[in-house]
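Asker: Sequence and predicted structure are below.
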Amino acid sequence: MAHGSQRIVCVGGGPGGLYAAILLKAADLAREITVYERNRADDTFGFGVVFSDATLGNIAAADPATYAAITANFAHWDDIDVHYGGACLRSTGHGFAGLSRQRLLAILQARCVELGIAVHYEAEIDDPEALDADLVIAADGLNSKIRGRFEAHFGPRIDLGQTRFTWLGTTRQFPAFTFDFVRDTHGLWRLHAYNFEDGLSTFIVEATEATWKAAGMDRADEATTARVCSEIFADRLAGHPLLTNHSIWRRFPTVQNRRWSHGRYVLLGDAAHTAHFSIGSGTKLAMEDAIALRDALAAEADRDRALARYEAERRPVVASTQRAAAVSLKWFEDTERYMGLHPRQFAFSLLTRSLRITHANLGTRDPAFTEATDRWFAAQAGVAVPEDAEPPPPMFTPFAVGGLTLHNRIVVSPMCQYSATEGLIDDWHLVHLGSRAIGGAGLVITEMTDVTAEGRITPGCAGLYTDAHEAAWKRVCDYVHAHTNAKIGVQLAHAGRKGSASRPWEGDTALTGDDAWQTLGPSAVPFGPGWPAPKAMDEADLARVKRAFVDSAKRALAAGFDLVEIHCAHGYLLHSFLSPIANRRGDAYGGSLENRMRYPLEVIAAVRAVWPKGKPLAMRISATDWSDEGFTGDEAVVFSRAAAAAGVDLVDCSTGGIAPDIRPEYGRLYQTPYAERVRMEAGVPTMAVGGISSYADVNSVLAAGRADLCALARAHLFDPYWTRHAAYEQRHDQRWPLQYEMGDADHFTPRFEWTPRGQGLPPAGRAPNKPSLPPRE
């Protein structure tokens, strides 16, 4: 952007606006910069602000003078205390700094004076178009008037959280960032507290809407709020009073905008975005925005290109923060769900809630805490670890389900190969599954294996409905049992209305002409545009397909499978009965959830009747259709509970697939929350799948109690020996087959160093210079 005659107006004199003015003036003293703030210079809302060590590093690089003033005044701590169930668990190595918001404003105001920046207080800007400026920075907060004036251009979206919270202060000086969870007659109350200067701490209290109303907080003034919260958290306050400062109860607003700039106007800080207070500070985001805006204006001579660059570079960072914040916000909304956890598992779940801290990362920050967690987890799995020995990582503890014990918690997820002939598998499948069993997983599950010819997705799909099929599968089972420690399961399915399709590499569309066959569904509703309507199943069809599932289960037993998984997911037949998107029936199998569950439950019960009690029966579900009109997370819990009563031992939680135009919200571990919810609310063991690629994530999921097993698909396509390599990196002894011993870590050291990607540095002493598994899935 052209220098010299530049006129910049910043609307909003909070930390973000002032810091933007400071950086832009320091970069070019010829700039004419004016700040307008609607409040007085000594007005402030809230108490303290929090910066991570990484944020402080950014501030130091951007403006050393401001950094020096901040660090001369902040309170620094490394510890987090979690008070829960009468215990206090402390974790260290987290690196945060707290500072009074009023002191931060004073530092920034003084720096503005030093640089000759004009700051006007009690100055409300009602007409931004009247401002004489080349660039107008809208740093006017959550309720930005500038964003409101140009709403059609910025496209704001504001989503309100489900809990209520209030921002208080106290003279109690906490020794660590403190979380507490107290249940009274009204419900559960959450506390987030941290010291920000000598003798002063921020004290945020949060509760569900129901608890908040039951306690009468919807009618409380500030004094009543302080009195009630003082009584609830008397143990933490230790006689110190609570302080108020516009301490109203509210729901957290998550702000997003379709665009961040319009002509000469650009959004910064809360006007552009917010992130839940449980993962950090809005002030931190606003000040980092200011750094990015300064850098973009320095890099581009043209204003519009500079603002586009600012947004392009900053938006992905903010989006990542908001994703982490959304997961963290949800954890606090659902805290009641976790109140039955052991204190150590509860604390681990809390610390890793946003996915930014993983098992491996926490091991680097706080090796003692992580080792204690691993030791506790191993004990729950029945593993006795001597006090002078390192406990195994959670993924390498055994898991018993339905009479079957797996030697570790890694599962090779079902992956269709589309390489069978009339349902008959061949050597490709033997090598595909055999190599992954040798690769070290505790359980290998076959691809979707269909119970009838018309139940296949494509002509290349595997089946288990003839003697030849059974014999071919027996060959695979015998190989896995003879040469590996893995167990093997079969996923039984019927494609329903998604059948009669071409292979993915042939177009993945509905077959036509003589190649096509009649598909079945709960109703005559096509899968999507261009797909034929399935036949709505009548009583004879229902009985025939149920018998086919039973017959295939009998064949699975004869073939030697250790586990059967019934496929009730991804838009295939049994899932289509569950989902009102596909199920429009008016009889006993349609309408209410009870009716829509009926046929899948009948199939489950029939299979359970012929599948031995000493072998586990699993099912895969789509725990949400990602549509308000479809099968929901609430319904998934009800169905899982009913399926467990019908004999299901394990629920494999996937999502989506009911219609081609409905897209899941993809991301790292994006389906794990559904596995966690089913596990905790339905009381049945679960398997997490989807977006899992690193052993750090696997260990995090397991140690936090989010699932009992982790299934990986694409990771095992990339690397059949994923589990063995993960063991090697974590220095866990998983013996290789005798034929491969010369490739074991005890006999072979790689002639290169490879820094782990996607999961931070491994715990000290656990896996130095080991080849890493890149993110995949």
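Answerer: Sure, I can see it.

Asker: List the neighbouring strands of the helix or strand hosting Ile8 plus their orientation.
Answerer: According to DSSP states H and E, Ile8 maps onto strand 7-11. With DSSP bridges as the test, strand 7-11 is paired with strand 32-36 (parallel), strand 135-138 (parallel).

Asker: export those strands to CSV and tack on distance to Arg598, mean pLDDT and mean neighbour count?
Answerer: To be clear about C-beta, it is placed using only N, CA and C from the backbone, and glycine gets the same treatment. Listed next are those as CSV, based on distance: least, C-beta to C-beta, whole Å; pLDDT from 0 to 100; neighbours: other C-beta atoms under 10 Å:
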stretch, distance to Arg598, mean pLDDT, mean neighbour count
strand 32-36, 65, 98, 22
strand 135-138, 55, 98, 26
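
Asker: Throw these into CSV and include distance to Met742, thanks.
Answerer: Shown next, in CSV, are these (distance: least, C-beta to C-beta, whole Å):
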stretch, distance to Met742
strand 32-36, 69
strand 135-138, 64
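
Asker: Quick check: which of those strands is nearest to Gly442?
Answerer: The closest of those to Gly442 is strand 135-138. By C-beta to C-beta, the value is 54.0 Å.

Asker: Can you name the next helix or strand after the closest one?
Answerer: Next along the chain after strand 135-138, taking DSSP H and E as the criterion, comes helix 145-149.

Asker: List the buried residues in whichever helix or strand comes after that next one.
Answerer: Moving toward the C-terminus from helix 145-149, the next helix or strand (DSSP H and E) is helix 151-154. Using 16 or more other C-beta atoms under 10 Å as the test for burial, helix 151-154 gives Phe154.

Asker: Other residues contacting helix 151-154?
Answerer: Helix 151-154 is contacted by residues Arg147, Asn257, Arg258, Arg259, Trp260, His262, Leu267 when judged by C-beta atoms under 8 Å, 6 or more residues apart in numbering.

Asker: follow-up on the earlier one: between the strands paired with strand 7-11, which one is nearest to Arg315?
Answerer: Here strand 135-138 is closest among those (C-beta to C-beta), at 15.9 Å.

Asker: chain center to the closest one: distance?
Answerer: 35 Å (C-alpha atoms, centre = their mean, to the nearest Å).

Asker: likewise stretch 463-473?
Answerer: In terms of C-alpha atoms, centre = their mean, the centre of stretch 463-473 is found 39 Å from the chain centre.

Asker: Report the rounded mean pLDDT for that stretch.
Answerer: Stretch 463-473 comes out with an average pLDDT of 98.

Asker: In the stretch 151-300 of the chain, what residue spans correspond to strands?
Answerer: 156-160, 163-170, 177-184, 187-197, 200-208, 242-243, 253-257, 261-262, 265-267 (DSSP state E, counting those that start in this stretch).

Asker: which of these sits most buried?
Answerer: Among those, strand 265-267 has the highest mean neighbour count (mean count of other C-beta atoms under 10 Å), at a mean of 26.

Asker: Show me what that strand is packed up against.
Answerer: Applying 3 or more C-beta pairs under 8 Å, 6 or more residues apart in numbering; DSSP states H and E, one finds that strand 265-267 contacts strand 135-138, helix 145-149.

Asker: Give me the phi and psi for Ala618.
Answerer: Backbone dihedrals for Ala618, given as degrees, to the nearest 10, come out at phi -110, psi 170.

Asker: on that earlier part again, out of the strands paired with strand 7-11, the one nearest Arg620 is which?
Answerer: strand 135-138 (47.8 Å).

Asker: Any chance you could list what contacts that closest one?
Answerer: Counting by C-beta under 8 Å, 6+ apart, 1, 6-12, 17, 20-21, 128, 144, 146-147, 264-268, 271, 293, 297, 303 sit against strand 135-138.

Asker: Just the buried residues out of those, in PyMOL syntax.
Answerer: Buried subset of those, written as a PyMOL selection, criterion 16+ other C-beta under 10 Å:
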select buried, resi 1+6+8+9+10+11+12+17+20+21+128+144+146+147+264+265+266+267+268+271+293+297+303
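
Asker: Where do the strands of the stretch 651-777 of the chain begin and end?
Answerer: Here the stretch 651-777 of the chain has its strands, by DSSP E, counting those that start in this stretch, at 686-689, 709-712.

Asker: now these in a markdown table, with mean pLDDT, distance to Ala207 and mean neighbour count?
Answerer: Shown next, in a markdown table, are the strands of the stretch 651-777 of the chain (pLDDT from 0 to 100; distance: least, C-beta to C-beta, whole Å; neighbours: other C-beta atoms under 10 Å):
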| stretch | mean pLDDT | distance to Ala207 | mean neighbour count |
| --- | --- | --- | --- |
| strand 686-689 | 98 | 28 | 27 |
| strand 709-712 | 98 | 33 | 28 |
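
Asker: Contact partners for the closest residue to Ala308 other than its chain neighbours?
Answerer: Sequence neighbours aside, Ser261 is the residue nearest to Ala308 in space, at 7.2 Å (criterion: C-beta to C-beta, 6 or more residues apart in numbering). In this structure, Ser261 makes contact with Leu267, Asp304, Leu307, Ala308, Tyr310, Glu311, judged by C-beta under 8 Å, 6+ apart.

Asker: Quick one: which of the residues you listed is the most crowded by neighbours?
Answerer: Leu267 (28 neighbours; other C-beta atoms under 10 Å).

Asker: Could you check the pLDDT of it?
Answerer: On the pLDDT scale, Leu267 gets 98.

Asker: now do Ser772
Answerer: For Ser772, the pLDDT comes out at 34.

Asker: thinking again about what came up before, wait, which of the strands paired with strand 7-11 is closest to Arg111?
Answerer: Taking C-beta to C-beta, strand 32-36 is the member of the strands paired with strand 7-11 nearest to Arg111, at 11.7 Å.

Asker: Give me the contact list for the next helix or strand after the closest one.
Answerer: Next along the chain after strand 32-36, taking DSSP H and E as the criterion, comes strand 48-52. Strand 48-52 is contacted from outside by 15, 59, 70, 74, 95-101, 104, 169, 194-197, 200-202, 280-281, 283-284, using C-beta under 8 Å, 6+ apart.

Asker: And for stretch 734-741?
Answerer: With contacts defined as C-beta under 8 Å, 6+ apart, stretch 734-741 is touched by Phe396, Asn408, Ile438, Gly440, His483, Thr484, Thr723, Arg724, Ala727, Gly743, Asp744, His747.

Asker: Need the max-distance pair from those residues.
Answerer: So, those by C-beta to C-beta: farthest apart are Asn408 and His747, at 21.9 Å.

Asker: More neighbours: which of these two?
Answerer: Asn408 (27 against 10).
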